[in-house]
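Colleague: test case, fold it:
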Amino acid sequence: ACAFAGLWNCVTINPLNIAAGVWMMLNAFVLFLCEAPFCCQFIEFANAVSARADRLRAWQKAAFYCGMAVIPVVLSLTLTTLLGNAIAFATGVLYGLSALGKKGDAIAYARIHQQQKQMDEEKLTGTLEGQA
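Modeller: The predicted structure is shown next:
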């Protein structure tokens with residue numbers, strides 16, 4: 001989607017639209033290299049780029065993909081750039097969510113909260129008894 005929208009964005013005389021379209025096609029190429037290197041088997045360095053991308057942490061990938069997707073929108077704010085970069089940005093968001101980790105257990109949090117409440121009440125009653 002990013003590559004097709006970038007190509008469509010290049011069909012204009014506005015230089016910022018052309019720059020945004022070229023950047024979008026570059027984004028699509030980088031996403032293919034990092035996420036689906038089997039699509040780029042004819043490129044010798046595709047496996048090396050994919051291996052390097054796999055070594056990155058999830059938050060680093062999130063920042064990279066979201067940053068790549070924001071630049072064309074900043075260059076040329078059109079519907080084509082927004083829709084074309086939505087998938088690249090969504091990929092970054094998903095990596096960001098995976099960097100946050102699993103959702104916590106509600107029962108465990110309730111127990112911790114209950115224990116903290118008991119300790120606070122014990123401290124409060126201890127200070128009141130000490131004053132009397």
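Colleague: CA atoms for contacts and neighbours, from now on please.
Modeller: Fine.
Colleague: in this structure, which residue is most central in space?
Modeller: Residue closest to the average C-alpha location in the chain (Cα atoms, centre = their mean): Gly92, at 2.3 Å.
Colleague: for the nearest residue to Cys39 once chain neighbours are set aside, which three-state class applies?
Modeller: For Cys39, ignoring the flanking residues on the chain, the nearest one in space by Cα to Cα, 6 or more residues apart in numbering is Phe32 at 6.9 Å. With DSSP: H, G, I helix; E, B strand; the rest coil as the basis, Phe32 sits in helix.
Colleague: Phe32 and Gln41: what is the separation?
Modeller: 11 Å (Cα to Cα, to the nearest Å).
Colleague: which one of those two has more residues nearby?
Modeller: Neighbour count, other Cα atoms under 10 Å: between Phe32 and Gln41, Phe32 has more, with 16 against 12.
Colleague: now do that one against Gln60, distance only.
Modeller: With Cα to Cα as the criterion, Phe32 and Gln60 are 17 Å apart.
Colleague: next: Leu94.
Modeller: Counting by Cα to Cα, the gap between Leu94 and Gln60 amounts to 12 Å.
Colleague: kindly report the same for Gly92.
Modeller: Shown here: Gly92 relative to Gln60, a distance of 9 Å by Cα to Cα.
Colleague: average pLDDT for the longest helix along the chain?
Modeller: Ordering each helix of the chain by length in residues (DSSP state H) puts helix 106-131 first. On average, the pLDDT along helix 106-131 is 73.
Colleague: now stretch 1-14: mean pLDDT?
Modeller: For stretch 1-14, mean pLDDT rounds to 85.
Colleague: which non-adjacent residue is nearest the residue nearest to the centre of the chain?
Modeller: Closest residue to Gly92 apart from its sequence neighbours, by Cα to Cα, 6+ apart: Ala62 at 4.0 Å.
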